[in-house]
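return a 3D structure for these sequence lines:
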Amino acid sequence: MNKQDMKFKILAVAFLLAPFWFPSSLRAQNAEHVKQLLETKKCPKCDLKNASLINAKLEGAILTEAALDRANLFGANLSQAKLNGANLTNAYLTRTNLTSADLTNVNLTEANLFDANLSSANLTGARLNNAYLSRADLRGSNLRNADLRGAYLIEANLTDANLQGANLCGAIMPNGRQSRQGCN
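Okay, here's the model as predicted:
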């Protein structure tokens, strides 16, 4: 096993165990907003910071401009959800289904999207700085003008993804090479 394979395995295990390292005292700051989301699937501009939404069934949910910083959405189904303008900084989205979701101008800085399904998602103008996208399915996604500086894309599937105008400076690409696209 070479150094890169070992590094990948260590990072993958670390990211899979990350939600268990957070103190149990971390709760959503607004329990009423969590209840509203789970009951109606509509919570635009809601405060869902630190929310635990593991395996939540949120297909087609409306979360426009919602604050989901550090939310745990492990295994959640957000297919066709409207998340445009939402803040998902440091969110845990491992194995989350975001198929055909609207993620226009979303902030996914340092988010963990390991093995997430983002096929056909609209990520136009999204901020994915230092995001962990290893094994993510981005087939047919729109990443036009997205900021992927420093993103980790080992084994990600970018088939037919639109990367026009995307900044990939320093990103580790699916082939393990560091991108210079967008670097000055």
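
ranges for the helices of this protein?
Ranges of helices within the chain are 3-21, 31-40, based on DSSP state H.

by mean pLDDT, show me the worst of the ones you listed.
With a mean of 55, helix 3-21 has the lowest mean pLDDT of the helices of the chain.

least trustworthy helix or strand in the chain by mean pLDDT?
For the chain, the helix or strand with the lowest mean confidence is helix 3-21, at a mean of 55 (criterion: mean pLDDT, DSSP states H and E).

kindly check the end-to-end length of stretch 89-105 for me.
One end of stretch 89-105 to the other measures 12 Å (Cα to Cα, to the nearest Å).

now swap in stretch 64-78 and tell me
With Cα to Cα, one end of stretch 64-78 sits 13 Å from the other.

likewise for stretch 36-54?
Termini of stretch 36-54 sit 16 Å apart (Cα to Cα).

could you check that stretch and say which residues are buried?
37, 41, 43, 46, 47, 48, 49, 50, 51, 52, 53 (16 or more other Cβ atoms under 10 Å). From N, CA and C alone the C-beta is placed, and that goes for glycine too.

for the closest residue to the third one other than its chain neighbours, give me its contacts.
Yep, that's residue 43 we're talking about. Leaving out its chain neighbours, the residue that sits closest to residue 43 by Cβ to Cβ, 6 or more residues apart in numbering is residue 37, at 4.0 Å. Contacts were defined as Cβ atoms under 8 Å, 6 or more residues apart in numbering; by that measure residue 37 touches 43, 46, 48, 53, 58, 61, 63.
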